[in-house]
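1. structure here, sequence nowhere to be found:
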């Protein structure tokens, strides 16, 4: 933790994440207005004393909408990543531990899935599952699975021949015990680092799906959807696209910086 | 470069693409919505539907459908678009060149800008230059394409006095200047994330190379600083950058979907979204397969460039 806070990237990442998590945890309660309330006399306003970040085309308070959408955005990123990392790790560890033919079959299938650009893969799955927040989350999770499986397999392979694993095998421990108690905890480092950085991708992809109309549906306060709904009015009040756009960027940047700092903290060689 | 290395890599690419065709087919096979219903409309009689299903081959077992499709693909026949009633190869081929033009413009511009930018940051480490470039690269990677595109539109394409066109496409054969003008905002959007990635990668590799023994030796030998950087340091710093660029082709191909949709650029991305909305299965299959082929070939090309830059890899 101290190493994490010793680099400027780490500090910046932690501060941004703190901001994001405060917004996600308390956002709906500290929002000054009802996020769906129309202020007909104050439409498309810029930031001012009454509406701190301005209002959208219906006169809804942008700050309130932003704060209201924060928990969903963060949960989306964390949820999609957790699902993808979980499934990917299971597949990767199985491939790494089993070795041989099982390993090469799994790896070839993963290679095939990884040969599709990520967003393309997500789009295909979303069109199969249909639009909506839950479906979008599942689609991102499925997209993440092959990449995570590959990383988990690499991490497993690198610890599989270590002395403590060989010792456990020599002691005659069961296979499940070895994987659960020896291999997995030691392979976790690279998986966690990759997962942290992936949260930011998940949030960006989720927002993109919302923007394309394939994720969250109106009147949701999902940030990508906010940008897409306000686009028609962006020349009259640029704030209604700038505010949610920057919120997405800040959240993604927080997870990115934090992930980078985490990687440096795990791997002292990479400190530059 | 050894022939065996080339053949081995090519073999791996073919295996991966074979798996991709399976995955693409599987995904399109499970997409909800009946293709025959899409062609004939809601009011089709059951008889007409059954006839259409037969005509499209939908009554065949999946394995037969797959082999039919793959056989056609290998002969260059991708079927007929269900919606546009045109050969898929023609529709996709045209869109491919539009997308390729956009991607190449973005990639070339980014490479030309990012390498000097990263080098500069590495040479001026710890200065305001370095900090600015670093900050830019962090912000750049955190902005999804649709946000960048929207912000660029706000700044450059406001209806009262737009500096650049807000969208659309002009064929380069008709009006090359107009074509380039229309390509500025979409390619700038596509380039943002890439620029951030590549300049950061070049910076970090360059600063490592600059503190290496052979660079110090070259300097001690009295080689001019310009030559040290261009001949000794840069080629070695570029090897990892090539890998990053090839991985970024994946982002580029994904980004193109969003960017073409926003800027109304008639390429593969826009075609794909149209085909997905209309369940135009042959078009979906062809576009996805084509994008996967491009991605696989660009990764292969990157491996070959690396082998050419770095003799150690050739014999590994």
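-> Everything's here; your move. On a predicted model such as this, the values are computed, not experimentally measured, just so you know.
2. from now on I want contacts and neighbour counts done on CA atoms only, so please keep to that.
-> Noted.
3. does chain B have contacts with the helix or strand hosting residue A:159?
-> Taking DSSP states H and E as the criterion, the element that holds residue A:159 is helix A:133-160. No. Residues of helix A:133-160 contacting chain B under Cα under 8 Å from any Cα of the partner chain: none, with a closest distance of 12.5 Å.
4. counting contacts, what elements does that helix pack onto?
-> helix A:62-98, helix A:100-114, helix A:118-129, helix A:184-211 (3 or more Cα pairs under 8 Å, 6 or more residues apart in numbering or on different chains; DSSP states H and E).
5. might you enumerate the residues of the stretch 101-250 of chain A proximal to chain B?
-> For the stretch 101-250 of chain A, the residues in contact with chain B (Cα under 8 Å from any Cα) are A:108-109, A:111-113, A:115-120, A:124-125, A:127-128, A:200, A:204-205, A:208, A:211-212, A:227, A:231, A:234-235, A:238, A:241-242, A:245-246, A:248-250.
6. only the buried subset of those residues, as a ChimeraX command please.
-> With 16 or more other Cα atoms under 10 Å in any protein chain shown as the criterion, this ChimeraX line picks the buried residues out of those:
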select /A:109,111,112,113,115,116,117,118,119,120,124,125,127,128,200,204,205,208,211,212,227,231,234,235,238,241,242,245,246,248,249,250
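7. low-confidence ranges in chain B?
-> B:1, B:31-35, B:38-39, B:311-316 (pLDDT under 70).
8. the stretch 151-272 of chain A too?
-> Along the stretch 151-272 of chain A, the model assigns pLDDT under 70 to residues A:267-272.
9. switch to 50 and redo it
-> Regions of the stretch 151-272 of chain A meeting the criterion pLDDT under 50 cover residues A:270-272.
10. re earlier: wait, which of the helices and strands packed on helix A:133-160 is closest to residue B:303?
-> Closest to residue B:303 of those, according to Cα to Cα: helix A:100-114, at 15.8 Å.
11. who's in contact with stretch A:154-174?
-> Applying Cα atoms under 8 Å, 6 or more residues apart in numbering or on different chains, the external contacts of stretch A:154-174 come out as A:92-93, A:96-97, A:178, A:182-184, A:186-188, A:190-191.
12. show me which positions of it end up buried.
-> By neighbour count on 16+ other Cα under 10 Å, the buried set for stretch A:154-174 is A:154-157, A:159-160, A:165, A:168.
13. so which residue is dead centre in the chain?
-> Just going to use chain A. With distances taken as Cα atoms, centre = their mean, the residue of chain A nearest its centroid is residue A:199 (2.0 Å).
14. oops, I was thinking of chain B
-> Centre-nearest of chain B using Cα atoms, centre = their mean is residue B:253, 2.9 Å out.
15. who wins for neighbours among the contacts of stretch A:154-174?
-> residue A:92 (30 neighbours; other Cα atoms under 10 Å in any protein chain shown).
16. for it, which residues are in contact?
-> A:148-154, A:156.
17. most neighbours, which of the residues you listed?
-> Counting neighbours by other Cα under 10 Å, the top entry in the contacts of residue A:92 is residue A:152, with 30 neighbours.
18. contacts only, for that residue.
-> Residues near residue A:152 by Cα under 8 Å, 6+ apart: A:88-89, A:92-93, A:96, A:187, A:190-191.
19. nearest residue to the residue nearest to the centre of chain B other than its sequence neighbours?
-> Nearest in space to residue B:253, with sequence neighbours left out and distances taken as Cα to Cα, 6 or more residues apart in numbering or on different chains, is residue A:117 at 6.4 Å.
20. contact partners for the one you found?
-> Counting by Cα under 8 Å, 6+ apart, residue A:117 has contacts B:250-251, B:253-254, B:291-292, B:295.
21. can you check what pLDDT the model gives it?
-> pLDDT recorded at residue A:117 is 82.
22. where's it relative to residue B:267, distance?
-> 16 Å (Cα to Cα, to the nearest Å).
23. the helix holding residue A:159: what's the following helix or strand?
-> Next in sequence after helix A:133-160, counting helices and strands by DSSP H and E, comes helix A:163-171.
24. what angle do that following helix and helix A:133-160 make?
-> For helix A:163-171 against helix A:133-160, the angle by axes from the mean of the first three to the mean of the last three Cα atoms, to 10 degrees is 80 degrees.
25. helix or strand right after helix A:163-171?
-> helix A:175-177.
26. list the buried residues in that following helix.
-> Buried, per 16+ other Cα under 10 Å, within helix A:175-177: nothing.
27. ok, and the closest non-adjacent residue to residue B:162?
-> The nearest residue in space to residue B:162 (Cα to Cα, 6+ apart) is residue B:156, at 5.9 Å.
28. correct me, but that neighbour touches residue B:164?
-> Yes. Assessed by Cα atoms under 8 Å, residue B:156 is found in contact with residue B:164 at 5.8 Å.
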